[in-house]
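Asker: Here is a sequence together with a model predicted from it:
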Amino acid sequence: MAQPAPAARLRIVGDAIPNLPWEAKPAGNPDVVWRFSGNPVIGRRPLPDVTGIYNSAVVPWQGGFIGVFRTEYVTRMPYLHVGRSPDGIRWTIEPKPLALGGGDGVSAFEYGYDPRVVKLGEWYYVLWCNGYHGPTIGMARTKDFVAFEQLENAFLPYNRNGVLFPRKIGGMYVMLSRPSDTGHTPFGDIFISQSPDLEFWGRHRHVMSKGGNWWEGVKIGAGPAPIETSEGWLMIYHGVCSTCNGFAYQFGAALLDLEKPWIVKHRCDRAILLPEAPYETTGLVPNVVFPVAALCDAPSGRIAIYYGAADTFCALAFCQMDELVAYVRAHDGQKR
């Protein structure tokens with residue numbers, strides 16, 4: 001009797017990161033995503049005038065790691081700072097905010113929060129929530145994390161959570177975002193936009209709506225840059241629910257079609273990380289875990305996720321790509 005063909009092994013498109021920050025899952029831990037035992041990676045006062053550092057983006061850099069960090073000043077204004085690390089755990093934050101240049105001044109930096117960083121070709125692109133008559137998606141690029149050229153804002157206000165895909169799709173740059181209004185993002189859905197040149201954005205497509213499950217009933221927003229796999233683009237995102245004590249933020253995950261990423265192939269019906277640790281439930285904004293960066297070592301499938309905790313701290317969590325993809329497929333709320 002013929003035996004069934006073995007299932008194809010999940011393939012990950014990306015580079016090796018042999019020094020990826022990593023900690024094995026503790027024995028007996030039932031979760032698909034687990035926390036670093038040394039959390040928080042960065043405490044709330046990394047600089048004299050800063051009272052919180054969180055929701056920050058990290059990428060490999062010259063044998064170590066570099067990132068763009070959201071800092072909350074004692075004035076409560078958010079700014080962006082570059083940070084450097086030899087191992088992704090011990091960080092030195094530059095004392096001066098990121099300096100931007102270029103453009104005609106219309107897209108001038110007003111404030112910056114929740115940055116993402118993605119490498120495309122020889123450039124590293126930084127996206128953040130920029131102030132321009134309300135929040136919108138600011139963009140800049142750099143080759144050395146010293147000189148930054150600010151580009152045009154991607155969209156009209158109001159918009160948040162701009163996230164670039166790490167390659168062109170169908171010859172176009174592709175960005176996830178969450179349009180909103182002047183309030184605290186009551187629209188709450190994720191959309192995709194396309195551009196031939198990173199300046200003019202169109203071909204807007206709806207990706208996912210909030211409210212599929214209680215844990216994401218208020219709003220959702222893209223997190224790290226999607227990770228390319230043979231199963232589709234793995235998108236880790238945040239989902240927000242409303243409680244009697246305010247909002248709570250948690251991680252979710254979905255798989256998007258490789259060539260038409262506005263098509264959701266699988267969407268997990270439950271959160272993969274919820275605010276439970278003391279540094280996640282206590283801080284400036286309690287009960288928040290907010291994923292922003294994911295480093296993936298393609299050969300091993302190990303993923304390190306940087307996330308903001310309680311709008312106060314930077315923290316780390318880990319997972320295995322094949323386990324997470326299997327979990328998303330097994331708990332696909334779209335199939336029920």
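Answerer: Cool, got the structure.
Asker: I'd like to know the average pLDDT value across stretch 244-263.
Answerer: Across stretch 244-263, pLDDT averages out at 96.
Asker: what's the answer for stretch 171-183, then?
Answerer: Mean predicted confidence for stretch 171-183 is 92.
Asker: End to end on that stretch, go ahead and measure it.
Answerer: End-to-end distance for stretch 171-183: 35 Å, by C-alpha to C-alpha, to the nearest Å.
Asker: what comes up buried for the helix or strand encompassing residue 72?
Answerer: Per DSSP states H and E: residue 72 is located in strand 64-73. Within strand 64-73, the residues that qualify as buried are 65-72, counting by 16 or more other C-beta atoms under 10 Å. Every C-beta, even on glycine, is put in place using the N, C-alpha and C of the backbone.
Asker: Kindly reformat those as a markdown table containing distance to residue 233.
Answerer: Shown next, in a markdown table, are the buried residues of strand 64-73 (distance: C-beta to C-beta, whole Å):
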| residue | distance to residue 233 |
| --- | --- |
| 65 | 23 |
| 66 | 24 |
| 67 | 22 |
| 68 | 22 |
| 69 | 25 |
| 70 | 25 |
| 71 | 30 |
| 72 | 31 |
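Asker: Which single one of the residues you listed is nearest to residue 260?
Answerer: Distance to residue 260, by C-beta to C-beta, is smallest for residue 68 among these, at 29.8 Å.
Asker: May I ask which helix or strand of this structure has the lowest mean pLDDT?
Answerer: Scoring the helices and strands of the chain by mean pLDDT, DSSP states H and E places strand 100-101 at the bottom, with a mean of 74.
Asker: how far does stretch 256-266 stretch from start to finish?
Answerer: Chord length of stretch 256-266, first to last residue, is 7 Å (C-alpha to C-alpha).
Asker: And the helices in the protein?
Answerer: 278-281, 321-330 (DSSP state H).
Asker: Pull out the buried positions in the longest one.
Answerer: Counting neighbours by 16+ other C-beta under 10 Å, one finds that the buried residues in helix 321-330 are 321, 324-325, 327-328.
Asker: Nearest to residue 266 among those?
Answerer: Nearest to residue 266 among the buried residues of helix 321-330, with distances taken as C-beta to C-beta, is residue 328, at 5.1 Å.
Asker: residues contacting the closest one?
Answerer: By C-beta atoms under 8 Å, 6 or more residues apart in numbering, the contact list for residue 328 reads 234, 253-255, 266-268.
Asker: residue ranges with poor pLDDT in this structure?
Answerer: The model of the chain has pLDDT under 70 over residues 1-8, 101-108, 184-185, 335-336.
Asker: can you tell which of the helices of the chain is closest to residue 287?
Answerer: The closest of the helices of the chain to residue 287 is helix 278-281. By C-beta to C-beta, the value is 5.5 Å.
Asker: Near the closest residue to residue 313 other than its chain neighbours, how many residues? Count them for me, please.
Answerer: Nearest residue to residue 313, sequence neighbours excluded (C-beta to C-beta, 6 or more residues apart in numbering): residue 40, at 3.6 Å. Neighbourhood size, residue 40 [other C-beta atoms under 10 Å]: 23.
Asker: Next, work out how far apart residue 40 and residue 24 are.
Answerer: Computed with C-beta to C-beta, to the nearest Å, the distance linking residue 40 and residue 24 is 20 Å.
Asker: got it, and residue 288?
Answerer: Using C-beta to C-beta, we find residue 288 at a distance of 26 Å from residue 24.
Asker: How about residue 165?
Answerer: Counting by C-beta to C-beta, the gap from residue 165 to residue 24 is 30 Å.
Asker: More neighbours: these two, which one.
Answerer: residue 165 (22 against 9).
Asker: Could you tell me how many residues sit around the closest residue to that one other than its chain neighbours?
Answerer: Here the nearest residue to residue 165 in space, its sequence neighbours aside, is residue 174; by C-beta to C-beta, 6+ apart that works out to 4.4 Å. Residue 174: 23 surrounding residues under other C-beta under 10 Å.
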